[in-house]
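Peer 1: Turn this into a structure:
(2 chains)
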Amino acid sequence: MKIAFSTTGDSLDSPLDNRFGRAARFLVYDTDSSAFEILDNSQNLNAAQGAGIQTAQAVANAGVESVITGHVGPKAFMVLQQAGIKIYHSEAPTVSQALELFNAGSLQEAKSSDVRGHWQ
Amino acid sequence: MNIAIASGKGGTGKTTVAVALAQTAAGPVQLLDCDVEEPNAHIFVKPEACITHAVNVLIPVVDESICDANGKCSEICQFNAIVSLKTKAMVFPELCHSCGGCLRACPTGAITEEEQQTGIIETGSRDGLEFVMGRLDVGQAMSPPVIRAVKKHTKQDALTLIDCPPGTSCPVIAAVRDCDFVVLVTEPTPFGLHDLILAVETMRELGLPFGVVINRSDAGDRRVEDYCRDEKIHLLAMIPENRKVAEAYSRGESITTAVPELVPLFRSLLEKVFELVGEVRT
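Peer 2: Numbers count the residues shown, from 1 in each chain, chains lettered A, B, ... in the order given. Down below sits the predicted model:
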C-alpha cells in the first residue's frame, strides 16, 4: 500500500508539511517494500486557485491509498474522497514519526475537511 | 464615447464624480455602474421604470455514463475547475471561468454546458439619463461576466460613463477595457498616492489614455500633484474638501443638485477629457 506524506523535504526525516494543497512535495511511501519516492508539487504550491484540487488529483494519479498531512480543505477533501483515498491528520514533526504513529494505529481517519475553503 | 471613472484606492469619489459627470453632460448620456460587487450609483441617480435581467454563465456538466476519465478536460483547465479521477470527472463551478476549453478538449463528448445565474442587471432612466447597473450574486467570486454584461448595453451614439470597481485586478480590467479615456480619481494622501501609482501603471500597460482628478484636494499633502507633474500626467480637476458634499452624499443626494456651485468644475473636467480624446484620435 502506498501512503503520501506532505513534506517540505525529501527524506523520511524531513518535516511533515501541515498544508496539503500547497505542500512543496509528497513523500510516497510503499509499505510493502519500505521504499519511497518523491512527488514534486511546486506547480500547485504556486497555483492561483484550485491548488488542493490539483494536488488531490496528482496524489490520486500516483496510486496512493492514504494521505497523511496536517490540514485538508473542503475541495481537496471531496476529490480525495471521490478517489477513494483515506485521509489522516497528523501533527507529528517529521514524516517518519507520522509513519510510526500510523503503523501503531494511533491516527484516526478524517471524516470531513478540517479547514474552511476560500470565500466561505 | 466611453469614459471610465476608476481609481486604485476605494472610497476616493469615483461614484460621486461619475454621477456628477453624467448629470452635467449634454446630449444622450448613459451611466453604467460596473462596480458590481457593491453598486451604489443608483442611490444618487434614483432611476425609474427599472427592469431586471439575469446574467448567466456557462458551467460544464459531465455525463458520467460517457466519461472515460481520459483527463483531457483537467489538462486544459487553467483554473483547476475540473478534475479527472480514475472513474469520472468532477466540476468545481466556483472556479470555472466559462471558457469552454474542457468541452472542446473532451474526445468523448461527455461534457455539455449549462447556464448558471451569477448576477443581475437592472436598467432604468431618470431625467433623460439612461442607467444600467450590475449586481453580482452573493457567494459568487468572479465579477467580470457581470461587468461585461453591463457593458453590452453601451450605445455607440451616446456618451457612456462607466463607474468602475476599485483596485487594479480583473474586474477593473474588464470595466476599463475598450474605453476611450479613463479618469482616475484619487485623494491627496499617502494611500491615495500609493494606489494611484498602481492604477497608472495598469493604464499604461493597457495603453489607455488617462488623467487624474484629486478629490478633497486641500485635505492632505501635495505629493499626488508632484507625482502627476513628474510623470507628466494630465491633472484634470481638483475638487476641494466641502462639508456640503459629504452631507449630500450621506443623504443619497447628487452633488450637482446639492452643491450647484460645483457644476462648472465638472463641465470643465468633461471638456478637458473630450479635448484629450480628440488629441488621441487625430
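
Peer 1: ok, whichever residue of chain A sits closest to chain B to A:M1 distance?
Peer 2: For chain A and chain B, the shortest gap (C-beta to the nearest C-beta) falls at A:G50, measuring 2.4 Å. C-betas here are computed from N, CA, C, even on glycine. From A:G50 over to A:M1 the distance is 28 Å, taken as C-beta to C-beta, to the nearest Å.

Peer 1: show me where the stretch 51-200 of chain B has strands.
Peer 2: With DSSP state E, counting those that start in this stretch applied, the stretch 51-200 of chain B shows strands at B:82-84, B:89-91, B:111-126, B:129-136, B:159-163, B:181-186, listed in chain order.

Peer 1: ignore the last one, chain A
Peer 2: Read by DSSP state E, chain A holds these strands, from start to end of the chain: A:2-7, A:25-30, A:35-40, A:66-69, A:86-89.

Peer 1: how much space between the residue most central in space within chain B and A:S112?
Peer 2: The C-alpha lying nearest the average C-alpha coordinate of chain B belongs to B:C164 (C-alpha atoms, centre = their mean; 2.9 Å). Relative to A:S112, B:C164 is positioned 40 Å away (criterion: C-beta to C-beta).

Peer 1: Can you give the contact residues for the lowest-mean-pLDDT helix or strand in chain A?
Peer 2: When the helices and strands of chain A are scored by mean pLDDT, DSSP states H and E, helix A:42-45 comes last with a mean of 85. With contact meaning C-beta atoms under 8 Å, 6 or more residues apart in numbering or on different chains, helix A:42-45 is reached by A:21-25, A:51, A:54-55, A:58.

Peer 1: and the residue lying closest to B:C228 once chain neighbours are set aside, what element?
Peer 2: Of all residues beyond its chain neighbours, the one nearest B:C228 is B:L235 (4.9 Å), with distances taken as C-beta to C-beta, 6 or more residues apart in numbering or on different chains. Element membership for B:L235, per DSSP states H and E: strand B:234-239.

Peer 1: Give me the neighbour count for B:G128.
Peer 2: B:G128 sits with 9 neighbouring residues when counted by other C-beta atoms under 10 Å in any protein chain shown.

Peer 1: My understanding was that it contacts B:V29; is that so?
Peer 2: Yes - in this structure, B:G128 is within contact of B:V29 by C-beta atoms under 8 Å, at 7.5 Å.

Peer 1: remind me which residues of chain A are low pLDDT?
Peer 2: Low-confidence segments of chain A, defined by pLDDT under 70: A:117-120.

Peer 1: got the residues of it near chain B?
Peer 2: Proximity of chain A to chain B, by C-beta under 8 Å from any C-beta of the partner chain, involves residues A:47-51, A:53-54, A:56-57, A:60, A:75, A:78-79, A:82-83, A:118-119.

Peer 1: Let's see that with 7 Å instead.
Peer 2: Residues of chain A lying near chain B by C-beta under 7 Å from any C-beta of the partner chain: A:47, A:49-50, A:53-54, A:57, A:60, A:75, A:79, A:82-83, A:119.

Peer 1: Turn those into JSON lines, columns for neighbour count.
Peer 2: As requested, the residues of chain A next to chain B are exported to JSON lines (neighbours: other C-beta atoms under 10 Å in any protein chain shown):
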{"residue": "A:A47", "neighbour count": "19"}
{"residue": "A:Q49", "neighbour count": "18"}
{"residue": "A:G50", "neighbour count": "24"}
{"residue": "A:I53", "neighbour count": "28"}
{"residue": "A:Q54", "neighbour count": "22"}
{"residue": "A:Q57", "neighbour count": "24"}
{"residue": "A:A60", "neighbour count": "21"}
{"residue": "A:K75", "neighbour count": "25"}
{"residue": "A:V79", "neighbour count": "22"}
{"residue": "A:Q82", "neighbour count": "16"}
{"residue": "A:A83", "neighbour count": "20"}
{"residue": "A:W119", "neighbour count": "8"}
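
Peer 1: Could you list which of these belong to helices?
Peer 2: A:53-54, A:57, A:60, A:75, A:79, A:82 (DSSP state H).

Peer 1: of these, closest to B:A49?
Peer 2: A:K75 (43.1 Å; C-beta to C-beta).

Peer 1: didn't the closest one look like it was pressed against B:F92?
Peer 2: Yes - shown here, A:K75 and B:F92 form a contact pair, counting by C-beta atoms under 7 Å, at 6.0 Å.

Peer 1: burial of the closest residue to A:L99 other than its chain neighbours, as a residue count?
Peer 2: Nearest in space to A:L99, with sequence neighbours left out and distances taken as C-beta to C-beta, 6+ apart, is A:Y29 at 6.5 Å. For A:Y29, the number of neighbouring residues by other C-beta under 10 Å comes to 24.

Peer 1: Next, the contact list for A:Y29, please.
Peer 2: Under the criterion of C-beta atoms under 7 Å, 6 or more residues apart in numbering or on different chains, the contact partners of A:Y29 comprise A:2-3, A:5, A:36, A:99.

Peer 1: did I read that right, B:L269 in a helix?
Peer 2: Yes - looking at B:L269 with DSSP: H, G, I helix; E, B strand; the rest coil, it is inside a helix.

Peer 1: Kindly state the pLDDT recorded for it?
Peer 2: The predicted local distance difference test score for B:L269 is 97.

Peer 1: Surely it and B:H234 touch.
Peer 2: No - B:L269 is not in contact with B:H234 according to C-beta under 7 Å; the separation is 10.8 Å.
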